[in-house]
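Participant: Pasting the sequence and the predicted model now:
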Amino acid sequence: MSLDFRCLKCGSDKYQVKTCIIPEKDPGLKLELGKYYIKTCLLCGYTEMYNAKILDKNEEVNLAKN
């Protein structure tokens, strides 16, 4: 997984990525666990959250193209 970026708040390129599992409710009564990546700027603490299912799928498509 590559989340290359510059912080939107301070412009730093130093960050930390952690994986988080969050319960999600589908339509109806079914609960599922969703995987997310939490990216935090190490300089100012600005944090963004990404859906791992979408990022991992996009990465597989990009690898297949190369």
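Facilitator: Perfect, thanks for sending it.
Participant: Where do the helices of the protein begin and end?
Facilitator: 52-65 (DSSP state H).
Participant: mind listing the strands for it?
Facilitator: Assigned by DSSP state E, the chain shows strands spanning 15-25, 31-41, 47-51.
Participant: Now render those as TSV, adding mean neighbour count, distance to Phe5 and mean pLDDT.
Facilitator: For every residue, glycine as well, the C-beta is placed using N, CA and C. Below are the strands of the chain laid out as TSV (neighbours: other Cβ atoms under 10 Å; distance: least, Cβ to Cβ, whole Å; pLDDT from 0 to 100):
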stretch	mean neighbour count	distance to Phe5	mean pLDDT
strand 15-25	11	7	92
strand 31-41	14	7	92
strand 47-51	14	8	93
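Participant: Can you add distance to Cys7 and give those back as JSON lines?
Facilitator: Listed next are these as JSON lines, based on distance: least, Cβ to Cβ, whole Å:
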{"stretch": "strand 15-25", "distance to Cys7": "7"}
{"stretch": "strand 31-41", "distance to Cys7": "4"}
{"stretch": "strand 47-51", "distance to Cys7": "9"}
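Participant: These: which one's closest to Lys57?
Facilitator: strand 47-51 (9.6 Å; Cβ to Cβ).
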